[in-house]
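> Whatever this is, show me its structure:
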Amino acid sequence: MNKIKQFFNSFLLIELIKGLMVTGGHMFSPKVTIQYPEEKNPSITKI
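Numbers count the residues shown, from 1 in each chain. So this is what the prediction gives:
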């Protein structure tokens, strides 16, 4: 049974499909843009 599962994982390229899903999720997520000299990044604070 393990060899059959390994065959399908390698044949169907499950890892590639999972990676493309992650990439697609990042590509279509809303972007955060800062107009650099005018706006400072609020997440960076000096200690």
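> Now do the same for Gln35: helix, strand or coil?
Three-state secondary structure (criterion: DSSP: H, G, I helix; E, B strand; the rest coil) places Gln35 in coil.
> tell me the phi and psi of it?
For Gln35, the backbone dihedrals (degrees, to the nearest 10) come out as phi -80, psi 90.
> just the helices in the chain please.
Using DSSP state H, the helices of the chain run over 2-11, 14-27.
> weakest of those helices in terms of mean pLDDT?
Among those, helix 2-11 carries the lowest mean pLDDT, at a mean of 79.
> Could you list the buried residues of that helix?
Neighbour counts over helix 2-11 (16 or more other CB atoms under 10 Å) mark no residue as buried. (Glycine included, C-beta is placed from N, CA and C.)
> Tell me the gap between that helix and the middle of its chain.
25 Å (CA atoms, centre = their mean, to the nearest Å).
> okay, the angle between it and helix 14-27?
40 degrees (axes from the mean of the first three to the mean of the last three CA atoms, to 10 degrees).
> In CSV, list the C-alpha atoms belonging to helix 2-11.
Below are the C-alpha coordinates for helix 2-11, written out as CSV (Å, rounded to 0.1, in the frame of the first residue of the first chain):
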residue,chain,number,x,y,z
ASN,A,2,2.9,2.4,0.8
LYS,A,3,4.4,1.8,-2.7
ILE,A,4,1.1,2.7,-4.3
LYS,A,5,0.8,5.9,-2.3
GLN,A,6,4.4,6.8,-3.2
PHE,A,7,3.8,6.1,-6.9
PHE,A,8,0.8,8.4,-6.9
ASN,A,9,2.6,11.1,-5.0
SER,A,10,5.5,11.1,-7.5
PHE,A,11,3.3,10.6,-10.6
